[in-house]
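*Asks:* sequence and predicted model, in that order:
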Amino acid sequence: MPEPQQLPTEEELLRLSLRALVAYAARCARRAQPSFTSQHKQHVEAVDRAIILAEQFAGAANASEAADYAKVGEAADEAADGDSALAAAVAAAAAARTARSTPYATRAACTATFAGDAADEADAAVPGAIAASRLDYQRLLDLSTEPAPALGEPIDFDALGPLWPEREPESLKWTGKLKGPQPTAEPRPQGRIGISAYVGEFAPEEEVADALVKFCRALNAHHIACGGNGLVIDDWEILAPEPEPTEVL
């Protein structure tokens with residue numbers, strides 16, 4: 001049994017399902033993400049997009065196309081080499097692409113390798129990431145009913161808890177991640193978003209409610225991961241279609 005402050009070995013990682021491996025890589029990359037800085041907005045966005053691709057695969061969201069992975073790779077090639085946060089994000093996306101398209105015989109080993117790379121780069125980017133990564137591994141192991149190359153059940157990222165079980169390191173402060181002198185920004189008013197959902201006439205109410213809750217939780221988690229403070233639902237309205245008039249004979 002390895003020491004608590006050691007990252008899981010590749011042998012240990014192979015006990016996870018493919019989705020759990022990719023979720024592990026995505027979580028590691030999310031921890032490193034705030035340390036990435038660049039003068040170019042497209043590079044900052046590429047890092048976030050790479051992690052989103054991994055999260056989508058692990059959570060069984062809509063499958064991304066090969067072109068999505070290619071765009072991330074192109075943006076990463078343009079960014080500065082040697083940045084561990086960037087490398088962690090690219091490794092997470094590579095884990096997702098490998099789990100999706102690599103030949104079956106090598107799928108597990110290759111995905112585990114990229115997941116391990118993401119963890120190593122996150123540790124290099126953020127001191128103290130090992131303990132959080134180890135805790136992720138233990139929780140994902142509990143969720144993996146069978147090891148890779150089995151795909152496994154979709155991963156609920158909310159069930160994994162906060163990225164930092166104790167507290168976020170003081171060295172990580174989200175500043176927009178654009179390097180260089182930035183103009184002092186005026187306090188921004190709180191933004192608002194509106195969400196509309198159409199529900200079929202015969203859709204079961206419990207399933208509809210469960211789907212909406214999961215959607216709102218995922219949206220809130222993404223907002224926090226991008227540096228926000230979380231979303232608050234301040235109003236909602238249930239609309240029902242007016243009955244069509246019937247002709248009286």
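*Replies:* Ah, there it is. Since the model is a prediction, treat every value here as computed from it, not as a measurement. Numbering: from 1, shown residues only.

*Asks:* next, the spatially closest residue to Ala119 that is not a sequence neighbour: phi, psi?
*Replies:* Distance criterion CB to CB, 6 or more residues apart in numbering; nearest residue to Ala119, sequence neighbours excluded, is Cys28 at 4.6 Å. Backbone N, C-alpha and C define where each C-beta goes, glycine included. Phi and psi for Cys28, reported as degrees, to the nearest 10, are phi -60, psi -40.

*Asks:* test my guess that Cys28 contacts Val126.
*Replies:* No: Cys28 is beyond contact range of Val126, at 9.5 Å (criterion: CB atoms under 8 Å).

*Asks:* tell me which of those two has more neighbours.
*Replies:* Cys28 (36 against 24; other CB atoms under 10 Å).

*Asks:* list the contacts of the more buried one.
*Replies:* With contacts defined as CB atoms under 8 Å, 6 or more residues apart in numbering, Cys28 is in contact with 88, 92, 115, 118-119, 121-122, 129, 133, 136.

*Asks:* do the same with Ala112
*Replies:* For Ala112, the contacting residues are 10, 13-14, 16, 21, 148, by CB under 8 Å, 6+ apart.

*Asks:* cool, and Ala132?
*Replies:* With contacts defined as CB under 8 Å, 6+ apart, Ala132 is in contact with 27, 31, 163-165.

*Asks:* for these, pick the one with the most neighbours.
*Replies:* That'd be Arg27 among those, by other CB under 10 Å, with 30 neighbours.
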